[in-house]
Structure formats: C-alpha cells, structure tokens
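Novice: Generate a structure from the sequence data that follows.
(chains A and B)
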Amino acid sequence: MARRTCSLLLAALVASMLLAAGLPSLARAQEAGHVKVSRGMVQIERGGQKLPAAVGAVVQAGDVVTTGADGSVGITFLDNSLLSAGPNSVLAIDRFAFDPTTHQGAFESSLRKGTLAVVSGKLAKASPDAVKVKTPAAVLGVRGTEFLVRTGESKD
Amino acid sequence: MGKLAGLAALGLLLAAGCAKPGRDDLYVLMPAPTGQAPGSVTVESAGKQAVLYQPYAAARVKEPGRVEPGTITEQEVKQAFGNALGAQPPRPTSFVIYFEEDRDDLTPDSRQILARVVDAIARYPAPEIVVIGHTDRVGTVQRNDALSLRRAERVKEELLKAGVASERIRVEGRGEREPLVPTPDEVAEPRNRRVEINVR
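Specialist: Have a look, this model is predicted:
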C-alpha cells in the first residue's frame, strides 16, 4: 500500500515536472523494427495512444511495448537485434539509430518490469558502447552477445 | 503548526516507503551460438559492477548497489525466462548468389541457392528481404553501379515469380565498392559478381 502510494506520488511528481519543463518534442517517426511474434495481450504505446502490436507492426524509437499476464512479444530490429519480452512486461525503446552501411549508431532500451531476452545485432558488433539496456535498478553494457534480464520488485 | 507536523510525518512515511523497494532483478549471460565469439555484459547498479562473461553467469540485484554475482542452471533459465525465450523471432540469415561475367544472369549453381532462399523466407513471420547487388572491378564505377542494381532487380524478379510479395523486398546496388575479395581495378573476380540476400 505504502509502495503503491509512493509510486503514484512519484509518478505525479515526475509528470508535473515534465509538464513544467515543457514536453520534449516527439522524436521524428522512425522505423526501428518490426513485431515478429505476438501472443496474448500486447500493445504499443506511442504518443499517448495504445496500438495493437500484431505481427508485422512497426516499432519506433519512443515506443513503449507492454505485455499482459498472458502476453509475449518478439521484435526484430533493423540492425538484426532480437528483443523478446515475457508476460507482464514494460519495454521502452528509448533510442534507435542505425546506419546500414557503416553499422554505426546507438540502441538504448529500458525494461521497466518483466522479462526480456536479447540477441544483440550489428550495432553491438560495430561499436562496444552502442547498445545499452536499462532497468530501474541497473544499466547493462553489451559486448556482442545474448543475455536475459528480469526486473521487478520482490514479492515480500 | 499541526498541519506542518502532519506534512512532515507524511514525508517521512513516503521516504520510508521509497527507501526500500526490495528488488528481484536477475541478469544472465547466455552461451554464444556456435562459431561466434563469446561476448560479455556489464551490470552496473548504483556504482557497483559485475561483468558476466561465462555462459550462464548471473548477477542478482536485491536492491540498488547490491550486485551479487553467481551462476544459474539451464532449468532455472527456462523457469524464469521461458516465455521471453519462446517469443524470440527467427534469427536473421543471409545468402549469396553469383552471376556470369558482365551480365545479370545467375550462375547454374546459384539457381539451387535461390530455391533455398525461397524456402527460408517462408519460415519468417512478416519477412523483410534486402537484396544487395555487387560487381567485380572490371569496367567503370558508373557502369558497375547500374549492373549491380540490375543483378539485384533480377533476384527480386525471381523471388516474385516464386510468390514472395513485392512490398517485402528492398533492392540496393553497391557497384564495385564492397568486394568480397579485394582486387586491383579491372581484375575479373567471379566471387565479387554477387548478390547478397538478407532475410529477417
């Protein structure tokens, strides 16, 4: 109860701070990847709207992908990174830039809760610091590899 | 005064609530696929770090700044990440098709490869196919730009004939700029007369 109140208050605080600061203009609509696997409840939140995340749907930088209790989703990005999330997950695509010729760019995402499997792609191969995954408690630096992330509050 | 005390008490309550969000975080390095160099993942939490570089190395974070390195079994991985792993898209793959000298005709062997490409595409949900044409260094740069694009277009035509939808295919020509085998200018090199087909 205390924790929920706390997160609500914090959320309200952050929201009002953002409003006060003036919302940053939304990133230019830019294709980052495509949904390849979609099971159960999966949504893409974009600019305040909730869109269905069917197979073939475009994922853009700035999107937040959420899965329900029965949901899971798999996304292939333009640099061949594969991200897939299990049930009750919230995955934000914070930043995606990829030059298909030089393989330079950056890929930053945040798993706010839930589970995530990552197969890194050409970005991680080309430059070791290009790919980052954040959680509420940690930041992961990725050197061309496959890894798993679970984040959430403990059930005590 | 009473109001202020009330606010202060509320603040303390909030701080106490916020101060200990016990966490259940788990970070795991998976084995690299055969033939690929193993990578590593650095887990950093509130100034504390753990580097995972062995397969099934794991770091647990119970609260920010408390990073506990350890390992995990395959069974535990399945339990914790089975659904996320089950939703992994098929791995991207690529093929190379070779061409006759100075022409956009496929070599006889390449016909068979093309059949394999078509089979592979069928296994991808919402497939994206990028076809990139190349040439060797015989001829001018402009002429090779045009030839490389013609070769890529030729492959696209073949894929369309096999039933692949046009909007799934993107075509590019790189001319003689990206040889598979570097050569001096004006050297004929069959391995550079090629089209790459990337499927994801």
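
Novice: From here on, just use CA atoms for contacts and neighbour counts.
Specialist: OK.

Novice: what helix or strand is A:Ala124 on?
Specialist: In this structure, A:Ala124 sits in helix A:122-126 according to DSSP states H and E.

Novice: Just after the helix or strand of chain B with the lowest mean pLDDT, pick out the following helix or strand.
Specialist: In chain B, the helix or strand scored least confidently by mean pLDDT, DSSP states H and E is helix B:2-19, which has a mean of 59. Going down the chain from helix B:2-19, the next helix or strand is strand B:25-29, by DSSP H and E.

Novice: Distance-wise, check the nearest residue to B:Gly173 once chain neighbours are set aside relative to A:Val59.
Specialist: Leaving aside its chain neighbours, B:Gly173 sits nearest to B:Leu149 (4.2 Å; criterion: C-alpha to C-alpha, 6 or more residues apart in numbering or on different chains). Going from B:Leu149 to A:Val59 by C-alpha to C-alpha, to the nearest Å gives 29 Å.

Novice: Show me where chain B dips below the pLDDT cut-off.
Specialist: Along chain B, the model assigns pLDDT under 70 to residues B:1-21.

Novice: Would you map the strands across it?
Specialist: Using DSSP state E, the strands of chain B run over residues B:25-29, B:40-45, B:48-52, B:57-63, B:66-71, B:93-98, B:129-133, B:169-173, B:194-199.

Novice: what about the second one and chain A, any contact?
Specialist: Yes: counting by C-alpha under 8 Å from any C-alpha of the partner chain, chain A has neighbours in strand B:40-45: B:40-45.

Novice: Where does pLDDT dip in chain A?
Specialist: Answering for chain A: the residues below the bar, that is pLDDT under 70, span A:1-29, A:156.

Novice: what's the single longest strand in it?
Specialist: Chain A, longest strand under DSSP E: strand A:105-119.

Novice: Each with direction, which strands does it pair with?
Specialist: strand A:82-85 (antiparallel), strand A:90-98 (antiparallel), strand A:131-134 (parallel), strand A:146-151 (antiparallel) (DSSP bridges).

Novice: would you list those in JSON lines and tack on mean neighbour count?
Specialist: What follows is the strands paired with strand A:105-119, written out as JSON lines (neighbours: other C-alpha atoms under 10 Å in any protein chain shown):
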{"stretch": "strand A:82-85", "mean neighbour count": "28"}
{"stretch": "strand A:90-98", "mean neighbour count": "20"}
{"stretch": "strand A:131-134", "mean neighbour count": "22"}
{"stretch": "strand A:146-151", "mean neighbour count": "25"}
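
Novice: And the residue nearest the centre of chain A?
Specialist: A:Ala92 (2.6 Å; C-alpha atoms, centre = their mean).

Novice: Surely A:Val37 and B:Pro125 touch.
Specialist: Yes: assessed by C-alpha atoms under 8 Å, A:Val37 is found in contact with B:Pro125 at 7.5 Å.

Novice: anything in contact with each of these two?
Specialist: Counting by C-alpha atoms under 8 Å, 6 or more residues apart in numbering or on different chains, the shared contacts of A:Val37 and B:Pro125 are A:Val55.

Novice: which one of those two has more residues nearby?
Specialist: Legend: neighbour count by other C-alpha atoms under 10 Å in any protein chain shown for A:Val37 and B:Pro125, higher for A:Val37 (23 against 16).

Novice: any idea how far that one lies from B:Leu149?
Specialist: With C-alpha to C-alpha as the criterion, A:Val37 and B:Leu149 are 32 Å apart.

Novice: do B:Leu180 as well
Specialist: 17 Å.

Novice: More neighbours: the two, which one.
Specialist: B:Leu149 (23 against 16).

Novice: residues contacting B:Leu85?
Specialist: A:84-86, A:117.

Novice: hmm, back to that, can you list contacts of the longest strand of chain A?
Specialist: By C-alpha under 8 Å, 6+ apart, the list of residues contacting strand A:105-119 reads A:81-99, A:123, A:130-136, A:145-152, B:80-81, B:84-85, B:88.

Novice: Can you check what angle separates whichever strand or helix holds A:Gln43 from strand A:90-98?
Specialist: Taking DSSP H and E as the definition, A:Gln43 sits inside strand A:42-46. Interaxial angle, strand A:42-46 versus strand A:90-98 (axes from the mean of the first three to the mean of the last three C-alpha atoms, to 10 degrees): 60 degrees.

Novice: Neighbouring strands of strand A:42-46 in the sheet, and parallel or not?
Specialist: In the sheet, strand A:42-46 lines up with strand A:49-52 (antiparallel), strand A:64-67 (antiparallel) (DSSP bridges).

Novice: Please identify the most buried of those.
Specialist: strand A:64-67 (a mean of 24; mean count of other C-alpha atoms under 10 Å in any protein chain shown).

Novice: Contacts made by it with the rest, please.
Specialist: A:40-46, A:73, A:85-93.

Novice: Can you flag the buried ones in those?
Specialist: A:41-46, A:73, A:85-93 (16 or more other C-alpha atoms under 10 Å in any protein chain shown).

Novice: just to revisit the earlier point, the strands paired with strand A:42-46 into JSON lines, with extra columns for distance to B:Gly35?
Specialist: Below are the strands paired with strand A:42-46 laid out as JSON lines (distance: least, C-alpha to C-alpha, whole Å):
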{"stretch": "strand A:49-52", "distance to B:Gly35": "38"}
{"stretch": "strand A:64-67", "distance to B:Gly35": "32"}
